[in-house]
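J.: What follows is a predicted structure for the sequence shown.
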Amino acid sequence: MRLERRHETSRAALVLAPFGAVVFTLLVSALLVLWAGAPVGRTYALLLQGGFGSVFAWSETLARAIPLILTGLAATVAFKARLFNIGAEGQLYGGALAAVAVGGLHGGTGFALPVWLLFTLMMLAAAVAGALLLLGPALMKNKLGVDEVVTTLLFNFIVLLGVSAMLDGPMKDPTAMGWPQSVSLQPELELGRLIAQTRVHTGLLWAGALSVLVWVLFKYTVIGFDIRAVGANARAAAFAGVPATRTVVLVALLSGALAGLAGAIEVAGRTSYVTLDMSPGYGYSGIVIAMLAGLHPLGVLAAGVFVAGVLVGADTMSRAIGVPTYVADVIVAASLIAVLVATLLTQYRVRWK
């Protein structure tokens, strides 16, 4: 068996590949459902009902989708330039901690600054923290040839250990009865609710706006062209005059900033403080979302809602028929593998000797 590159890739195949990957994933996951002794049809019906079957289900799905969309955008920006950012989880926590450091310490007063200015500084601090966490690995790759997959992955553990030290040390909430969590943001710095009596907050508008802005950046700006050129062929891009190093630095700053903002928005919109279990793997799930979206910023919106719906619906499914919620994790992980294979087959055809 060998792979032969196609002379032309069908646009329809590129669009249908993610849908085919999802269908294949559901078929494979059905084997696990049968192994658990549950009916496949009812299991998937409950999964959809739990994620999309009511106003409450939609509200929980959209609330879960906000950080997933932002980390998906972070992965999309980096992967477009072939900078494989696996560190969005650490960048998210770094951004969350920086946001609380600016907006939560000093009694939340921010040295008596106006609320709008303090909120702006809080978000800016989160973006800078996330950007700096990716800038180092990006420069090490560009200047020294160090594999960024390894460095960004290891940075996740370094950041989490640093966050743990801060939550048990100088940023620990003295009123938390010994529980390792940071001080809380003041109510004035929290994001408002989009739908009353739900957890959907205005961070959803941030996620949608940033998706559109990233799409505009890729499609209509010189910087976006440079990013796509470096991702297609870095050497050819450099030969053609594209500033490769500057482009990689910009990509690292933008990707890390998006992941950092995901942490800040999660704190300001949902938790109001930082804990070590604040993220159930949003940074890693963002990679799945980026690939499901075909590295398209607007597709990230749909992919983020889909993955969030699967994760939320799994709770309803598990309570109703006793299927473990880990099936949702299998669906998300298998979706990544399936979409990678499907994308590969749109560019190559299999030849049998």
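T.: That came through, no problem. Numbers count the residues shown, from 1 in each chain.

J.: just checking, Thr71 touches Gly87?
T.: No - the pair Thr71 and Gly87 does not pass the contact test of Cβ atoms under 8 Å, sitting 10.5 Å apart. C-beta coordinates here come from the backbone N, C-alpha and C atoms, glycine included.

J.: which neighbours do the two share?
T.: With contacts taken as Cβ atoms under 8 Å, 6 or more residues apart in numbering, Thr71 and Gly87 have 259, 283 as neighbours in common.

J.: check contacts around Thr61.
T.: Contact analysis of Thr61 by Cβ under 8 Å, 6+ apart lists 51-52, 305, 308-309, 312-313.

J.: Restricted to helices, list those residues.
T.: 51-52, 305, 308-309, 312-313 (DSSP state H).

J.: For the residue most central in space within the chain, which non-adjacent residue is spatially closest?
T.: Centroid-nearest residue in the chain, with Cα atoms, centre = their mean: Thr71, separated by 2.0 Å. By the measure of Cβ to Cβ, 6 or more residues apart in numbering, the closest residue to Thr71 outside its immediate chain neighbours is Gly286, 2.8 Å from it.

J.: again, but for Trp352
T.: Once flanking residues are discounted, Trp352 sits nearest to Met1: 5.7 Å by Cβ to Cβ, 6+ apart.

J.: wait, isn't the one you found in contact with Val350?
T.: Yes - between Met1 and Val350 there is a contact at 6.2 Å, judged by Cβ under 8 Å.

J.: Among the two, which residue is more densely surrounded?
T.: In this view Met1 and Val350 are compared by other Cβ atoms under 10 Å, and Val350 has more residues nearby, 10 against 6.

J.: That one belongs to a helix?
T.: No - residue assignment for Val350, taken from DSSP: H, G, I helix; E, B strand; the rest coil, gives strand, which places it outside any helix.

J.: Next, give phi and psi for Arg2.
T.: Listed backbone geometry of Arg2 is phi -140, psi 160, with angles given as degrees, to the nearest 10.

J.: On the three-state scheme, Glu4 is what?
T.: For Glu4, the assignment made with three-state DSSP gives strand.

J.: ok, it touching Leu345?
T.: No - taking contact to mean Cβ under 8 Å, the distance of 11.4 Å between Glu4 and Leu345 leaves them out of contact.

J.: of those two, who's got more company?
T.: Higher neighbour count among Glu4 and Leu345: Leu345, with 15 against 9, using other Cβ under 10 Å.

J.: what are the bridge partners for His201, then?
T.: Beta-bridge partners recorded for His201 (DSSP bridges): Arg193.

J.: From Ala65, how far out is it?
T.: 12 Å (Cβ to Cβ, to the nearest Å).

J.: where are the low-confidence patches of this protein?
T.: Counting by pLDDT under 70, the chain shows low-confidence ranges at 106-111, 353.

J.: Could you rerun that using 80?
T.: Per-residue confidence of the chain (counting by pLDDT under 80) places the weak regions at 1-19, 36, 104-113, 175-178, 322-327, 343-353.

J.: Show me where it has its helices.
T.: Taking DSSP H to define them, one finds helices in the chain at 11-35, 40-52, 55-80, 88-103, 115-139, 148-167, 203-220, 222-232, 234-239, 244-266, 282-292, 297-321, 326-347.

J.: same for the fourth one, what does it pack against?
T.: So the one you mean is helix 88-103. helix 55-80, helix 115-139, helix 148-167, helix 244-266, helix 282-292 (3 or more Cβ pairs under 8 Å, 6 or more residues apart in numbering; DSSP states H and E).

J.: can you redo the ones you listed as a markdown table with distance to Ala236?
T.: A markdown table is the format used below for those (distance: least, Cβ to Cβ, whole Å):
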| stretch | distance to Ala236 |
| --- | --- |
| helix 55-80 | 16 |
| helix 115-139 | 20 |
| helix 148-167 | 20 |
| helix 244-266 | 10 |
| helix 282-292 | 24 |
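
J.: that older thread, tell me who's in contact with the residue nearest to the centre of the chain.
T.: When contacts are taken as Cβ under 8 Å, 6+ apart, Thr71 is in contact with 88-89, 92, 258-259, 262, 282-283, 285-286, 289.
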